[in-house]
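Trainee: got a predicted structure plus its sequence, pasted below:
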Amino acid sequence: MTRSIILIGPMGSGKSTIGRLLAARLRLPYVDSDALIVSHTGVGIPTIFEIEGESGFRERERKIIADLSTRSEPIVLATGGGAILDPANRHHLRRMGRVIYLDVSVDEQLKRIRHDRNRPLLQNTDLNTRLQTLAGQRNALYQETAHWRVLGDGLRSDQVLRRILRHLQQRAGQIPTRG
Ligand code: S3P
């Protein structure tokens with residue numbers, strides 16, 4: 001049984017930054033599902049949304065996650081904020097290992113991603129309203145998919161990392177090791 005660590009949570013919650021740090025600490029390969037989609041298509045996420053719409057992007061995301069779920073080696077996986085929308089993704093992610101929900105408030109998201117230009121869902125819109133709407137649609141799904149939740153408001157990445165490591169240590173036997 002694969003025991004990967006999977007990070008879920010909204011945009012700007014720190015999944016990629018913390019995923020990279022966590023992978024280095026646990027000496028596991030780091031995988032970012034958005035980065036895989038970009039490297040497979042050869043274009044950025046805004047271009048995928050522009051040409052194929054959100055549904056085309058979700059289809060690509062679904063394929064990548066299904067593919068990752070068949071791999072046998074443990075990894076640290078950072079997912080896109082909307083990955084939990086799909087029931088099959090939620091099922092795969094939970095089966096892959098320990099799912100950790102990086103929870104941040106909309107206020108914290110606003111501080112972190114106010115000037116972002118690479119997230120199509122946040123362009124040409126009232127950011128606060130959009131983030132509130134997404135949170136309303138998704139927070140219960142993050143909660144339902146996760147085995148554990150960590151609150152990131154006001155914390156630096158290294159502080160969140162320490163909390164995650166402590167949590168994993170408390171669950172001895174859940175820390176994946178190579179070989
Ligand atoms: C999305 C989040 C993004 C990316 C895409 C859609 C979302 O990933 O997958 O822009 O629906 O929340 P991050 O959560 O890494 O920003």
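Mentor: Arrived safely. Keep in mind that this is a model prediction, so the values were computed, not measured. Residues are numbered from 1 along each chain as shown.

Trainee: what about the residue nearest the centre of the chain, distance to Arg60?
Mentor: The chain has Thr79 as the residue nearest its centroid, 3.0 Å off, counting by C-alpha atoms, centre = their mean. Note on Thr79: its distance to Arg60, by C-beta to C-beta, to the nearest Å, is 13 Å. Using the backbone N, CA and C atoms, a C-beta is placed for each residue, glycine as well.

Trainee: again, but for Asp103
Mentor: The gap separating Asp103 from Arg60 is 26 Å, by C-beta to C-beta.

Trainee: where does Arg117 land in three-state SS?
Mentor: Under the three-state scheme (DSSP: H, G, I helix; E, B strand; the rest coil), Arg117 adopts coil.

Trainee: and it, how many neighbours?
Mentor: For Arg117, the neighbour count with other C-beta atoms under 10 Å is 8.

Trainee: so which bits of the chain are right by the ligand?
Mentor: Met11, Lys15, Asp34, Ile45, Gly80, Gly81, Gly82, Arg119, Pro120, Leu121 (C-beta under 6 Å from any ligand atom).

Trainee: now, these that are in helices?
Mentor: Those of these mapping onto helices are Lys15, Asp34, Ile45, per DSSP state H.

Trainee: got the contact list for the second one?
Mentor: By C-beta atoms under 8 Å, 6 or more residues apart in numbering, the contact list for Asp34 reads Ser16, Ile45, Ala78, Thr79, Gly80.

Trainee: how many neighbours does the second one have?
Mentor: Read that as Ile45. With other C-beta under 10 Å as criterion, Ile45 counts 19.

Trainee: spit out the contact partners of it.
Mentor: Under the criterion of C-beta under 8 Å, 6+ apart, the neighbours of Ile45 are Asp34, Ile37, Val38, Phe57, Asn118, Arg119, Pro120.

Trainee: please consider this matter closed, and thank you.
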